[in-house]
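K.L.:
please work out how this folds:
(one chain, ligands or ions: 2)
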Amino acid sequence: MQRDYGHEAFVQGCGGKGTTDLNKKRLNAGCFLFPQFFGAAAQQLILEEIRAVIEEAPFFTPRMPRTGKPFSVAMTNCGPLGWVSDKDGGYRYESVHPETGRAWPPIPSPLHDAWARLTGFAQPPQACLVNYYSRGAKLGLHRDEDEKDFSAPIMSVSLGDSAIFKLGGLKRRDPVESIELHTGDVLIMGDESRLRYHGISRVLAGTSSLLDEGGRINLTLRYVE
Ligand code: MD3
Ligand code: FE
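P.N.:
Numbering: from 1, shown residues only. Ligands and ions are numbered 1, 2, ... in the order given. Next comes the predicted model:
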């Protein structure tokens, strides 16, 4: 546990003092949705910074361990570490892009600031995974368990078209609830919710005009080790 706030403060208030004035919805113990945390201007600013990240570190297609089956979601990263996956190496964090061999670009500062305020976690995020969902892309039910430190929360930012987010329990067979995520929404998962099963079942085409190309970008910030 490496928090600069009490465990109860996180469970009850998610980061405590910094978030009391915000529109916040508790989905589960340790799981909080901040609808429209980023307004239209902030979304544009973050998008510009993420477009620059994508120029430096182009999207790649991750592949399932062993089978080599491609993901329908395109991915890249920023931050000291990036999540990658391929047939032989499996799921892991790497400090360089799998195709260019270059270091990942830094995490844009508005995301660092939101992490500090909303998670209250003492350390800055080490990885920001950039997922791109074209219309029709999905991410099956899974747990995020490739990190060494599960005491750190995860922060997700949605940009572009809305999506149906599935939030399950700690076991794969547990009941799953559907939550619509919209552009500008921030989701925080910590404590009891850190290892919940989750996924994206559908992107709702035409629900946002933020991305000219359509589809959805999701940014997932993590502390890894
Ligand atoms: C709930 N991404 O990259 S973010 C992923 O929208 C991932 O791209 C989805 O799942 C996306 O691994 C969902 C929301 C999210 C992220 C991590 C969680 C929800 C979570 C960890 C535990 C519980
Ligand atoms: Fe995930």
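K.L.:
show me the strands in this protein, by range?
P.N.:
Ranges of strands in the chain, per DSSP state E, are 25-28, 31-34, 74-78, 82-86, 90-94, 127-133, 139-142, 154-160, 162-167, 177-181, 186-189, 198-204, 216-222.
K.L.:
residues from this protein in reach of ligand 1?
P.N.:
129, 131, 139, 144, 154, 156, 187, 189, 193-194, 196, 198, 200, 218, 220 (CB under 6 Å from any ligand atom). C-beta coordinates here come from the backbone N, C-alpha and C atoms, glycine included.
K.L.:
if we go to 5 Å?
P.N.:
Residues of the chain lying near ligand 1 by CB under 5 Å from any ligand atom: N131, D144, I154, S156, M189, R196, H198, I200, N218, T220.
K.L.:
check those residues and tell me the two furthest apart.
P.N.:
N131 and R196 (17.8 Å; CB to CB).
K.L.:
longest helix anywhere in this structure?
P.N.:
helix 40-56 (DSSP state H).
K.L.:
contacts only, for T61.
P.N.:
The contact partners of T61, by CB atoms under 8 Å, 6 or more residues apart in numbering, come to P70, F71, A74, M75.
K.L.:
since we're on the last one, how many residues are nearby?
P.N.:
It stands for M75. M75 has 21 neighbours, counted by other CB atoms under 10 Å.
K.L.:
isn't it up against P58?
P.N.:
No. Contact between M75 and P58 fails when scored by CB atoms under 8 Å: they sit 10.4 Å apart.
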